[in-house]
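In: sequence and predicted structure below; questions after.
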Amino acid sequence: MSSRPPSAGKLPLTELAELKQRGEPIVMVTAYDYPSGRLVDAAGVDLVLVGDTAAMVVMGYDGTVPATLEEMLLLTRWVSRGASRPLVVGDLPFGSYEVSDGQAVESAVRMLKEGGADLVKLEGAGPSLSRLQSISAAGIPVLGHLGLTPQSATKLGGFKAQGRTATRAHELYDDALAVEAAGASALVLEAVPEPVAARITKALGIPTIGIGAGRECDGQVLVWHDLLGLYEGRSPRFAKRYAEIAPQIRAALERFVGDVRSRAFPGEEHTYSITREELARFEAELASVDS
């Protein structure tokens, strides 16, 4: 149960900065459908990210790049229907903002109008800064993302921690300041050494939300499937499993398979009845047709 009393209606965006100032940790969880949106809402989560990690954990791809804007809009619509209090963040997938500032704004507008998102997220600095600034200037709140940015994982040498040399740590620091200056409302730091993330967090006026970035970030986020143990394989180093649901699901499915094949299911309690009179009339009608 959340220790923070629930507010009436949607969490104000300004509350994120206030939470940072008060030193109260921000909680973000990914979600990909209506039921999970309702559950994170009921749990008192502050932000729900409809991440393009869906490409990996929902769609079965090896990376996030194959996710399309249309797919992300669909998932975001589902989640936003279930999450009434948390701020919903719609992830802009690869290919939806790289071409131009205009394309970025158009995609972001669709994410709010069609997806029901409250913010959009996009990765990186450099060329992305112009995109971020244009989206923010259009009145759309933006969540930045630095460190391990999955859309550019190939360029980064794979899914590896970032900022582990002085040079790269300084680049991340400068990029974070640039992302804030471009108009971001908050910043995700992924797979960044804890001291580097702590230094960035201290330098920024906007909140940082860590995933594999240590304890000094202003908030934390985990992926739904990692958090709940929906995969039975290896989890990322930074992921803590709060449940092991996959074995329970598999065991339930195996029991269902066994019950169906042994005709133990459905039982009488799972069926609907018809009166003897109506059944007799039904059989008589069939008999007259057959004759």
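Out: Perfect, thanks for sending it. Numbering: from 1, shown residues only.

In: now the helices for the stretch 101-250 of the chain?
Out: Assigned by DSSP state H, counting those that start in this stretch, the helices in the stretch 101-250 of the chain fall at 101-113, 127-137, 166-181, 194-203, 224-227, 245-261.

In: which residues does the second one contact?
Out: Surrounding helix 127-137, the residues in contact under the criterion C-beta atoms under 8 Å, 6 or more residues apart in numbering are 97-98, 101-102, 104-105, 108, 120, 122, 142, 144, 178-179, 182-184. Where C-beta positions appear, they are placed from N, C-alpha and C, glycine not excepted.

In: same question for the shortest one.
Out: In this structure, residues lying in contact with helix 224-227 by C-beta under 8 Å, 6+ apart are 29-32, 36, 57, 230-231, 235-236, 239-243.

In: in strands, which of these fall?
Out: Among the contacts of helix 224-227, the members falling in strands (DSSP state E) are 29-30.

In: which of the contacts of helix 224-227 are buried?
Out: Neighbour counting with 16 or more other C-beta atoms under 10 Å marks 29-32, 36, 57, 230, 235, 239, 241 as buried within these.

In: could I get these in CSV, plus columns for distance to residue 126 and pLDDT?
Out: Shown next, in CSV, are those (distance: C-beta to C-beta, whole Å; pLDDT from 0 to 100):
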residue, distance to residue 126, pLDDT
29, 29, 97
30, 25, 96
31, 29, 96
32, 29, 97
36, 33, 96
57, 28, 90
230, 34, 90
235, 30, 71
239, 28, 85
241, 35, 90
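
In: next, count neighbours for residue 205.
Out: For residue 205, the number of neighbouring residues by other C-beta atoms under 10 Å comes to 8.

In: please name the nearest non-neighbouring residue to it.
Out: Once flanking residues are discounted, residue 205 sits nearest to residue 180: 6.6 Å by C-beta to C-beta, 6 or more residues apart in numbering.

In: got it, and residue 123?
Out: Nearest one to residue 123, counting by C-beta to C-beta, 6+ apart, is residue 149 at 4.0 Å.

In: domains in the chain, by residue range?
Out: Domains of the chain are assigned by automatic domain parsing as 14-243, 248-290.

In: could you identify which of the ones you listed is most buried?
Out: Stretch with highest mean neighbour count among the domains of the chain: domain 14-243 (a mean of 20; mean count of other C-beta atoms under 10 Å).

In: how long is it end to end?
Out: From the first residue to the last, domain 14-243 extends over 32 Å; the measure is C-alpha to C-alpha, to the nearest Å.

In: stretch 105-122 too?
Out: Terminal residues of stretch 105-122 are spaced 11 Å apart (C-alpha to C-alpha).

In: ditto for stretch 84-97
Out: Counting by C-alpha to C-alpha, you get 27 Å between the two ends of stretch 84-97.

In: ditto for stretch 84-101
Out: In stretch 84-101, first residue to last residue: 30 Å (C-alpha to C-alpha).

In: output the buried ones among the contacts of helix 224-227 as TSV; include the columns distance to residue 192.
Out: Shown next, in TSV, are the buried ones among the contacts of helix 224-227 (distance: C-beta to C-beta, whole Å):
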residue	distance to residue 192
29	20
30	18
31	24
32	25
36	27
57	22
230	25
235	18
239	15
241	22
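
In: separation between the residue nearest to residue 47 when sequence neighbours are not counted and residue 174?
Out: What sits nearest to residue 47 in space, not counting adjacent residues and going by C-beta to C-beta, 6+ apart, is residue 28, at 3.9 Å. Using C-beta to C-beta, to the nearest Å, we find residue 28 at a distance of 25 Å from residue 174.

In: which stretches of the protein have low pLDDT?
Out: Within the chain, the ranges that satisfy pLDDT under 70 run 1-8, 150, 152-159, 232-234, 290-291.

In: if anything else comes up later, I'll come back, but that's it for now.
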